[in-house]
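Peer 1: sequence unavailable; structure follows:
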């Protein structure tokens, strides 16, 4: 489970072409990103798009020639085995006549804060029932 949430608001000015898209660094302390939520409020009407990138490579979507295009939609992507490090970016374009803002929340697990449950040996309770003692938590 995430130990913190890193919020971002990214404004893309009107007239930002797809071929010269805006690249916005999303800097935060390193950790394992477990989930990304993205809100695209109503308004772009198919005239704005975005990609989540890491180290200069598109990761959502993975294909370089595809963009996420939405209007009034909230995305919730659970992630597994995604890159770590402070190299996240949001790539955006906006061919509309109005500026548009996208909201992002990175759910991050700090390194070293994972809990590991270690089972304890069985003991025999009065009456002969086997039971586990409480697990030991590390982290």
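Peer 2: The structure has been received and is ready for your questions. Being a predicted model, the structure only gives us computed values, none of them experimental.

Peer 1: okay, CA-based contacts and neighbour counts for the rest of this
Peer 2: Fine.

Peer 1: quick check: pLDDT value at the closest residue to residue 60 other than its chain neighbours.
Peer 2: Nearest residue to residue 60, sequence neighbours excluded (CA to CA, 6 or more residues apart in numbering): residue 52, at 5.1 Å. Looking at residue 52, its pLDDT is 97.

Peer 1: dihedrals phi and psi, residue 52?
Peer 2: Here is the backbone geometry of residue 52 (degrees, to the nearest 10): phi -100, psi 130.

Peer 1: hey, what's it bridged with?
Peer 2: Beta bridges link residue 52 to residue 60, residue 90, judged by DSSP bridges.

Peer 1: shift numbering so it begins at 55
Peer 2: Sounds good: first residue 55 from here, last item residue 106.

Peer 1: tell me if I'm right that it and residue 143 touch.
Peer 2: Yes. Residue 106 is within contact range of residue 143, at 6.0 Å (criterion: CA atoms under 8 Å).

Peer 1: which parts of this structure are strands?
Peer 2: Remark: strands assigned in the chain by DSSP state E are 58-66, 76-80, 86-94, 102-108, 111-114, 127-132, 142-148, 154-163, 170-172, 176-178, 184-186, 190-192.

Peer 1: save these as CSV, and put in mean neighbour count too.
Peer 2: Shown next, in CSV, are the strands of the chain (neighbours: other CA atoms under 10 Å):
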stretch, mean neighbour count
strand 58-66, 16
strand 76-80, 18
strand 86-94, 19
strand 102-108, 23
strand 111-114, 18
strand 127-132, 13
strand 142-148, 23
strand 154-163, 20
strand 170-172, 11
strand 176-178, 11
strand 184-186, 12
strand 190-192, 11
